[in-house]
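Asker: The sequence and its predicted three-dimensional model are supplied below.
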Amino acid sequence: MHLDATFFALVALVIFLGIVAYAGGFKSMGSGLDNRAQRIAKDLDDAARLRKEAEALLAEYKQKRIDAEKEAAGIIAQAKADAEEYAAETRRKLSETLDRRTRQAEQKIAQAEASAIKDVRNAATDMAIAAARSLIAETASGPKGADLIATSIEAVKTRLN
């Protein structure tokens with residue numbers, strides 16, 4: 001039989017594995033692999049838990065966003081309603097102000113007309129009195145004429161005013 005280096009390498013490997021098995025090396029390797037498997041399983045569980053938490057947070061934020069959008073829409077609707085109400089109130093007040101100013105202008109015009117009519121009447125009365133005075137003065141002379149003129153002037157003043 002021919003013994004070469006490969007055979008001796010195989011024998012050395014078997015002896016080495018026997019020593020490792022006798023010393024408990026395979027048990028420590030197995031427990032190391034088991035510990036690593038447990039650590040990986042724990043990391044996977046933590047990752048799954050974190051993912052669930054992240055999904056819950058995402059759902060919560062989506063709901064908050066929806067609620068915020070609803071609130072914003074409500075605020076916008078309320079602002080539009082307030083603006084329309086304010087515009088209607090402003091239009092109403094403007095209309096009332098214009099009506100009030102129109103009435104005031106009409107009153108001022110009526111007062112001016114009344115004043116003008118009164119002034120015209122007074123001027124006409126004064127002219128009539130002056131004309132009557134000159135006519136009576138021409139026709140009536142003397143003391144009796146003076147009394148007649150005075151009483152006539154007073155009568156005309158009271159009747160015209």
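Answerer: Ah, there it is. Just so we're clear, the structure is a prediction, and the values are computed from it rather than from any experiment.

Asker: Show me the shaky parts of this structure.
Answerer: Applying pLDDT under 70 to the chain picks out residues 1-2, 136-146, 160-161.

Asker: what are the ranges of the strands in it?
Answerer: For the chain, applying DSSP state E gives no strands.

Asker: In it, what residue spans correspond to helices?
Answerer: With DSSP state H applied, the chain shows helices at 5-23, 25-139, 143-160, listed in chain order.

Asker: on contacts alone, who are the packing partners of the second one?
Answerer: Pointing back at helix 25-139 there. Applying 3 or more CB pairs under 8 Å, 6 or more residues apart in numbering; DSSP states H and E, one finds that helix 25-139 makes contact with helix 143-160. Glycine gets a C-beta too; all of them are placed from N, C-alpha and C.

Asker: if we go to 10 Å?
Answerer: On a contact count with 3 or more CB pairs under 10 Å, 6 or more residues apart in numbering; DSSP states H and E, helix 25-139 meets helix 5-23, helix 143-160.

Asker: can you give me the angle that helix makes with helix 143-160?
Answerer: For helix 25-139 against helix 143-160, the angle by axes from the mean of the first three to the mean of the last three CA atoms, to 10 degrees is 160 degrees.

Asker: Centroid-nearest residue for the protein?
Answerer: Centroid-nearest residue in the chain: A79, 4.3 Å away (criterion: CA atoms, centre = their mean).

Asker: before we move on, the earlier item: including distance to A88 and mean neighbour count, could the helices and strands packed on helix 25-139 go into a markdown table?
Answerer: Shown next, in a markdown table, are the helices and strands packed on helix 25-139 (distance: least, CB to CB, whole Å; neighbours: other CB atoms under 10 Å):
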| stretch | distance to A88 | mean neighbour count |
| --- | --- | --- |
| helix 5-23 | 96 | 10 |
| helix 143-160 | 56 | 12 |
